[in-house]
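Participant: missing the sequence, but the structure's below:
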């Protein structure tokens, strides 16, 4: 069993959460700015957010959730998380399909941020503790698997 001082899969996923939260805060600051380049900066940042979230959701769905589903009894949380992922993906597709950062664009990015905040709270408060208490789950080696897949996907999407 790994010691808690060693970084595990939950730590990796949570680092993604913190990075995206920071980007949402940057986006929020941009919505308060005025200037000729603000629209393009918002588009670029929103696309970066969408890219990060797409990769994050994919590694959770391919690796983390199936492994967790195999070792915990209560899988309702995982089903809910997967539904939340689908809602986020729908919004991501809408954001990525927009050509300009108008008020609807801002609204969609804001709502996406709210979805993600809710999802992160559930993962941190309920899913990660269940994962860490599951004896048959090696979260340290899973971290390496998640990292490798994330790097692969980031390369493909770049």
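Facilitator: Yep, it's here. Being a predicted model, the structure only gives us computed values, none of them experimental.

Participant: what about the chain, any weak spots by pLDDT?
Facilitator: Residues of the chain meeting the criterion pLDDT under 70: 1-5, 158.

Participant: ok, now with 80
Facilitator: 1-5, 157-158 (pLDDT under 80).

Participant: please enumerate the helices of it.
Facilitator: Using DSSP state H, the helices of the chain run over 9-31, 38-59, 65-71, 76-96, 103-122, 128-133, 139-157.

Participant: rebuild those as a markdown table, extending it with mean neighbour count.
Facilitator: Every residue, glycine included, has its C-beta placed from N, CA and C. Converted to a markdown table, the helices of the chain look like this (neighbours: other CB atoms under 10 Å):
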| stretch | mean neighbour count |
| --- | --- |
| helix 9-31 | 16 |
| helix 38-59 | 18 |
| helix 65-71 | 16 |
| helix 76-96 | 15 |
| helix 103-122 | 16 |
| helix 128-133 | 16 |
| helix 139-157 | 15 |
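
Participant: and residue 82, how far from residue 110?
Facilitator: For residue 82, the distance to residue 110 (CB to CB, to the nearest Å) stands at 23 Å.

Participant: likewise residue 58?
Facilitator: The value you get for residue 58 to residue 110, if CB to CB is used, is 23 Å.

Participant: ok, the residue lying closest to residue 12 once chain neighbours are set aside - contacts?
Facilitator: Once flanking residues are discounted, residue 12 sits nearest to residue 143: 4.9 Å by CB to CB, 6 or more residues apart in numbering. Neighbouring residues of residue 143 by CB atoms under 8 Å, 6 or more residues apart in numbering: 7-9, 11-12.

Participant: and those, which two are furthest apart?
Facilitator: Greatest spacing in the contacts of residue 143, by CB to CB: 7 and 9 (8.8 Å).

Participant: pull up the overlap in contacts between the two.
Facilitator: 140, 143.

Participant: thought residue 24 was touching residue 49?
Facilitator: Yes. The criterion here is CB atoms under 8 Å, and residue 24 meets it with residue 49 at 6.7 Å.

Participant: which residues do these two both contact?
Facilitator: Listed as contacting both residue 24 and residue 49 by CB under 8 Å, 6+ apart are residue 109.
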